[in-house]
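**Student:** When you get a sec, could you give me coordinates for this:
(2 chains)
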Amino acid sequence: MAITARQRSGWTVANIIVALYVLIPVVWILSLSLKDPSTFTDGHYFPRKFTFENYVNIFKVGGFGRPLINSIGIGLISTLIAIVIGTFAAYAIARLEFPGKRLMLGGSLLIAMFPQVSLVTPLFQIERSLGLFNTWIGLIIPYITFTLPLTIYTLSAFLREIPWELEKAAKMDGATPFQAFRQVIAPLAMPGVVTTAILAFILCWNDFLFAISLTSSNSARTAPAAIAFFTGASQFEDPTGSISAAAIVITIPIIIFVLIFQRRIVSGLTSGAVKG
Amino acid sequence: MTSEERASSRENLQQPGRLGEGTVATAGPTAVQKPKVSEGRRSERKLAWMLCAPAAVVMVVVTIYPIVYSILLSFQRYDLRFPNQKAWIGLANYGAVLTNSFWWHAFAVTMIITVVSVAIELVLGMALALVMHRTLIGRGTIRTLALIPYGIVTVVAAFSWQYAWTPGTGYLAQLLPAGSAPLTQQAQAIAIIILAEIWKTTPFMALLLMAGLAIVPDELQKAAAMDGASTWQRFTRVTLPLMKPAILVALLFRVLDAVRVYDNIYILTNGANGTSSLSIITYHNLIGGLNLGIGSTMSVLMFITVVIIAAIFIKGFGTAAPGSDNQGRR
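**Tutor:** Now for the predicted structure:
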């Protein structure tokens, strides 16, 4: 289809509006992170005096390395566990008929929509008595729970697209249902699993409420929570630079994911949620 | 296998008793096949339950148990600062919360944020979905860009907005008359919170709506165009009605997400100057006040609020509700 000049200019304008909408707040925090501390209050959108001092400071003085490691470690472990047990459940939901399937789907939907703050009070109390408060496990457990519904929904949508007859053929050749799952379906499901893993990781990476409620020090505090606790301590007269630099650091992985996996993330988000 | 065949094979699975009668041609001799199928079905069930068990156990243990615990705590006087005064006090916590003006203020703030942000997001999200779905140039780039607000950490975006509106520092604060500090004014602060929510979640709304747009057949659009319908008429008379399920799902997800708004408020105002949401005051009663009884009561009340909202939506869905049997099958 030929694109007329009018269409071209119309869509160009629309695209530019979208780009400005997205980029203005992101570029602003990037500008702040590169501004020399003496120019924070000049009110200019772009920095007039560049510096990387803010980035050096958050690691050297602010101890941002530890929360960053916590975020990566807790996020990866939670994602891995959620993907493994979520894949089992999604396979059952997509491929098998059993009583309780509706309950399983409805239950996970309920959890996905649950007000997380309702869990903060009891989890805070339970984790304190079990000695899980302010530990990696103390955060991994709720993260697994809240990524499971997304995992189950998205993965079962992906698994439905896989051709059934291959599984049947494997069973006919004498494979048990588990062998059919492990050797035939699992390799075909890998793209869906990767997509779901990215979405689950983003969810964990984003969490703030559990991260500030269930931790009390940098031994388990994740990056978003640590940023919120940056204060104007002695070395940091003004936390603006540190906060902005740390904000950019934790945004980089997201940007990389989005650039590499754009297609997959879009298909994962749309297939999991709406097909009714 | 076509989707029709798939559907019919699924039907067979759901009605094993009739397998022999209905599908003799494919299932082979009835007498031999029948016991075999039921045996296979039993092992299928067993496998399904085994596969679901780990996920189900984790979700039950981490949510159901704390909910029950929360409900029990809500009937007790339990303040960590005064652990000796712990006692069962029945519904007194509920009375205390429901007659408290701070609770109702937070309730109103939460509802305002939810209704205004979701309404604007629906319109903006639909526009963005149309751009992402229909744009003739740079479709990949636009979709990539739109994913950035979805993926970015809410705390990061909230700080960006906070500094943007901080007098002296921000590019947006400069546009305001000198001396104004919008984040310290209740109405202006709530407007900024809504702005931050909209910016972050419109792309998510748009992606869900785009999935709805994708299922509207092009032939219908063309047929309507032939009949002389204008672009706007085609959108309101053809596209929108067909998208109803997608719109309802998107609204449900976003409303229930907006009701628990927390991160943006925590960073932007931390609930100062009457900008607390339900999540914020519940949190403050726990961490700031260490009052587990009151905090739990608020948790339970918030949970009830969410259940009521969800129930209203599910009623609106009818059979297209996510989680019902029709979900995910066309």
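**Student:** Work out for me the element the spatially most central residue of chain B sits within.
**Tutor:** Centroid-nearest residue in chain B: residue B:253, 2.3 Å away (criterion: CA atoms, centre = their mean). Applying DSSP states H and E as the criterion places residue B:253 in helix B:240-259.
**Student:** quick one: contacts of the helix or strand following that helix?
**Tutor:** Counting by DSSP H and E, the next helix or strand C-terminal to helix B:240-259 is helix B:263-268. Identification of contacts with helix B:263-268 by CB atoms under 8 Å, 6 or more residues apart in numbering or on different chains yields A:208-209, A:212, A:228, B:154-155, B:157-159, B:161-162, B:183, B:189, B:192-193, B:196-197, B:200, B:271, B:275-277, B:279-280, B:283. C-beta coordinates here come from the backbone N, C-alpha and C atoms, glycine included.
**Student:** mind listing which of these are in helices?
**Tutor:** Among these, DSSP state H puts A:209, A:212, A:228, B:154-155, B:157-159, B:161-162, B:189, B:192-193, B:196-197, B:200, B:279-280, B:283 in helices.
**Student:** Mind splitting chain B into its structural domains?
**Tutor:** B:3-53, B:102-320 (automatic domain parsing).
**Student:** who are the neighbours in contact with the residue nearest the centre of chain A?
**Tutor:** Geometric centre of chain A, nearest residue: residue A:202, 0.8 Å, by CA atoms, centre = their mean. Counting by CB under 8 Å, 6+ apart, residue A:202 touches A:254, A:257, B:151.
**Student:** any chance of those in JSON lines, with neighbour count too?
**Tutor:** Output for those, formatted as JSON lines (neighbours: other CB atoms under 10 Å in any protein chain shown):
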{"residue": "A:254", "neighbour count": "21"}
{"residue": "A:257", "neighbour count": "19"}
{"residue": "B:151", "neighbour count": "21"}
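**Student:** want to throw these into a markdown table with pLDDT and distance to residue B:81?
**Tutor:** As requested, the contacts of residue A:202 are arranged in a markdown table below (pLDDT from 0 to 100; distance: CB to CB, whole Å):
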| residue | pLDDT | distance to residue B:81 |
| --- | --- | --- |
| A:254 | 92 | 40 |
| A:257 | 90 | 44 |
| B:151 | 92 | 40 |
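**Student:** so of those residues, which ones are in helices?
**Tutor:** Going by DSSP H, the helices hold A:254, A:257, B:151 from the contacts of residue A:202.
**Student:** pLDDT value on residue B:36, please?
**Tutor:** Listed pLDDT for residue B:36 reads 52.
**Student:** what do you get for the one 5 residues further on?
**Tutor:** We have a pLDDT of 82 for residue B:41.
**Student:** What does it show for phi and psi?
**Tutor:** phi -70, psi -40 (degrees, to the nearest 10).
**Student:** How about the helix holding residue B:253 and chain A, touching?
**Tutor:** Yes. Part of helix B:240-259 sits near chain A under the criterion CB under 8 Å from any CB of the partner chain, namely B:245-246, B:249-250, B:252-253, B:256-257, B:259.
**Student:** Touching, residue B:85 and residue B:79? I think so.
**Tutor:** Yes. With contact defined as CB atoms under 8 Å, residue B:85 and residue B:79 form a contacting pair (6.8 Å).
**Student:** quick one, what contacts residue 242?
**Tutor:** Chain wasn't specified; assuming chain A. Taking CB under 8 Å, 6+ apart as the test, what residue A:242 contacts is A:54, A:57-58, A:62, A:64, A:230, A:236.
**Student:** actually it's chain B I care about, not the one you picked
**Tutor:** Per CB under 8 Å, 6+ apart, neighbours of residue B:242: B:212, B:215-216, B:220.
**Student:** Make JSON lines from those and add neighbour count to it.
**Tutor:** Formatted as JSON lines, the contacts of residue B:242 follow (neighbours: other CB under 10 Å):
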{"residue": "B:212", "neighbour count": "27"}
{"residue": "B:215", "neighbour count": "14"}
{"residue": "B:216", "neighbour count": "19"}
{"residue": "B:220", "neighbour count": "13"}
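**Student:** Between those, which sits nearest chain A?
**Tutor:** Of all the contacts of residue B:242, chain A sits closest to residue B:212, with 5.9 Å by CB to the nearest CB.
**Student:** where's that closest one, which helix or strand?
**Tutor:** helix B:186-214.
**Student:** Mind listing what's buried along that helix?
**Tutor:** B:188-190, B:192-213 (16 or more other CB atoms under 10 Å in any protein chain shown).
**Student:** pLDDT score assigned to residue B:9?
**Tutor:** 42.
**Student:** just the one 4 residues further on next, same as before
**Tutor:** We have a pLDDT of 40 for residue B:13.
**Student:** Residue B:21 too?
**Tutor:** Predicted confidence (pLDDT) for residue B:21: 38.
**Student:** related to what we said a few turns ago, relative to the whole chain's centre, how far out is the helix holding residue B:212?
**Tutor:** Here the centre of helix B:186-214 is set off from its chain's centre by 12 Å, with CA atoms, centre = their mean, to the nearest Å.
**Student:** need the contact list for the closest residue in space to residue A:207 that isn't next to it in sequence.
**Tutor:** In space, and not counting its chain neighbours, residue A:207 is closest to residue A:143: 6.7 Å by CB to CB, 6 or more residues apart in numbering or on different chains. Residue A:143 is in contact with A:74-75, A:78, A:82, A:203-204, A:207, A:210, counting by CB under 8 Å, 6+ apart.
**Student:** go with 7 Å
**Tutor:** If you count contacts by CB atoms under 7 Å, 6 or more residues apart in numbering or on different chains, residue A:143 has them with A:74, A:78, A:204, A:207.
**Student:** and of these, the nearest to chain B?
**Tutor:** Using CB to the nearest CB, residue A:207 comes nearest to chain B of the contacts of residue A:143, at 8.9 Å.
**Student:** Relative to residue A:225, how far out is that closest one?
**Tutor:** For residue A:207, the distance to residue A:225 (CB to CB, to the nearest Å) stands at 9 Å.
**Student:** ok so, going back, contacting chain A as well, which ones from the contacts of residue B:242?
**Tutor:** When CB under 7 Å from any CB of the partner chain is applied, the members of those adjacent to chain A are residue B:212.
**Student:** ranges for the helices of the stretch 1-150 of chain A?
**Tutor:** For the stretch 1-150 of chain A, helices defined by DSSP state H, counting those that start in this stretch occupy the ranges A:5-34, A:53-60, A:65-95, A:101-112, A:117-130, A:136-160.
**Student:** Quick one: the ones you listed as TSV, columns for mean pLDDT too.
**Tutor:** Output for these, formatted as TSV (pLDDT from 0 to 100):
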stretch	mean pLDDT
helix A:5-34	92
helix A:53-60	90
helix A:65-95	93
helix A:101-112	86
helix A:117-130	87
helix A:136-160	91
